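1. pasting the sequence and the predicted model now:
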Amino acid sequence: MRPSFYSVFCSMLYSVHPPSPFMCRYANQLLPGWSCPIASVLIVLQRADCGLMERSSITETQKHLLRDRFLQIGGAIVTELQDRGYHADLFDPKTGLPMLSQAGRSMDDVAVVRACLGYGTMEIDGCDILLHPEWGDAVYPAVLVSSAVPTVLEQVASRVMGGGGCIDNGTSRFRRSEYHHSFIGCGNLTQ
C-alpha cells in the first residue's frame with residue numbers, strides 16, 4: 001500500500017499509513033490500556049518559520065506554537081474518531097507520550113516519519129532531527145494513532161483539516177504532493 005501525502009496548506013502536510021510491524025509488535029508497550037490493535041497512523045508535518053536544529057528562545061517558541069496547533073487539530077481528529085467508536089490518541093511531540101491513554105513507553109516521532117516516509121535525520125546532542133526534502137530542519141513532526149482502518153482515518157483527517165474549523169486558513173485545498181513514498185520498515189520506533 002502506498003500512502004497518499006496531502007498538503008493542507010503550504011505549511012502543513014499529512015499522510016496516513018498502516019502501522020509498521022515494529023509498531024504492531026510493541027503497541028502494548030506504547031498504549032498499554034488499549035484493548036485493540038493500532039490500525040492506522042497519521043503523520044502531520046508542519047513547516048517551521050526557522051530551522052529547529054539549534055536551541056534558542058526563537059526555536060523553542062516556534063516548537064511551542066506548532067505543538068499547540070497539532071494538539072488542536074489532532075484533538076479534533078481524535079474526538080471524531082472516538083465519537084465513531086474507535087480508539088485514537090495523539091502522541092505529545094514534546095514528551096512522546098500519549099495524551100489521552102495510559103502512558104507506556106514514549107514514541108519517537110522522528111523515527112516514525114523515517115520509517116513511514118524514508119526522510120533523513122541528523123543527530124545533534126543525542127537527539128535526532130528530521131530533515132524534510134524541501135524544508136530541511138524547519139519541520140515539526142507529530143503522530144496520531146487509531147484503531148480505525150487507514151481509509152477511515154484519512155477521511156476524518158481530510159474533513160477536520162480541510163473544514164476550516166481548526167485551521168485559520170480559508171484557502172486550504174488538498175492536492176497530491178510530489179513526496180509520495182513507499183512504506184518501509186524501521187527497527188526503532190520508541191526511545
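-> Yep, it's here.
2. strand partners of the helix or strand where residue 42 lies, parallel vs antiparallel please.
-> Secondary structure from DSSP states H and E places residue 42 in strand 40-47. Strand pairing for strand 40-47, determined by DSSP bridges: strand 12-17 (antiparallel), strand 139-146 (antiparallel).
3. quick one: name whatever helix or strand follows it.
-> helix 57-83.
4. other SSEs contacting whichever strand or helix holds residue 122?
-> Per DSSP H and E, residue 122 falls inside strand 120-124. Under the contact criterion of 3 or more CB pairs under 8 Å, 6 or more residues apart in numbering; DSSP states H and E, strand 120-124 touches helix 109-117, strand 127-131. Heads up, the C-betas are built off the backbone N, CA and C, glycines and all.
5. show me how far it is from its chain's centre.
-> 18 Å (CA atoms, centre = their mean, to the nearest Å).
6. show the average pLDDT along it.
-> For strand 120-124, the mean per-residue pLDDT is 90.
7. other residues contacting that strand?
-> With contact meaning CB atoms under 8 Å, 6 or more residues apart in numbering, strand 120-124 is reached by 53, 110, 114, 128-131, 137.
8. among these, which pair sits farthest apart?
-> Across the contacts of strand 120-124, no pair lies farther apart than 53 and 114, at 16.2 Å, counting by CB to CB.
9. between those two, who's got more neighbours?
-> More crowded of residue 53 and residue 114, by other CB atoms under 10 Å: residue 114, with 21 against 15.
10. quick one, what contacts the more buried one?
-> With contacts defined as CB under 8 Å, 6+ apart, residue 114 is in contact with 120-121, 128, 130, 186.
11. which one of those residues is nearest to residue 63?
-> residue 130 (12.5 Å).
12. the closest one against residue 119, yeah?
-> Yes. Under the criterion of CB atoms under 8 Å, residue 130 makes contact with residue 119 at 5.9 Å.
13. identify the contacts common to those two.
-> With CB under 8 Å, 6+ apart as the test, residue 130 and residue 119 both reach residue 113.
14. neighbour-wise, which of the two wins?
-> Here residue 130 and residue 119 are set side by side on neighbour count (other CB under 10 Å), and the busier one is residue 130, at 23 against 19.
15. ok, and the closest non-adjacent residue to that one?
-> Closest residue to residue 130 apart from its sequence neighbours, by CB to CB, 6 or more residues apart in numbering: residue 110 at 4.9 Å.
16. give the contact list for that neighbour.
-> Residue 110 neighbours (CB under 8 Å, 6+ apart): 121, 128-130, 141.
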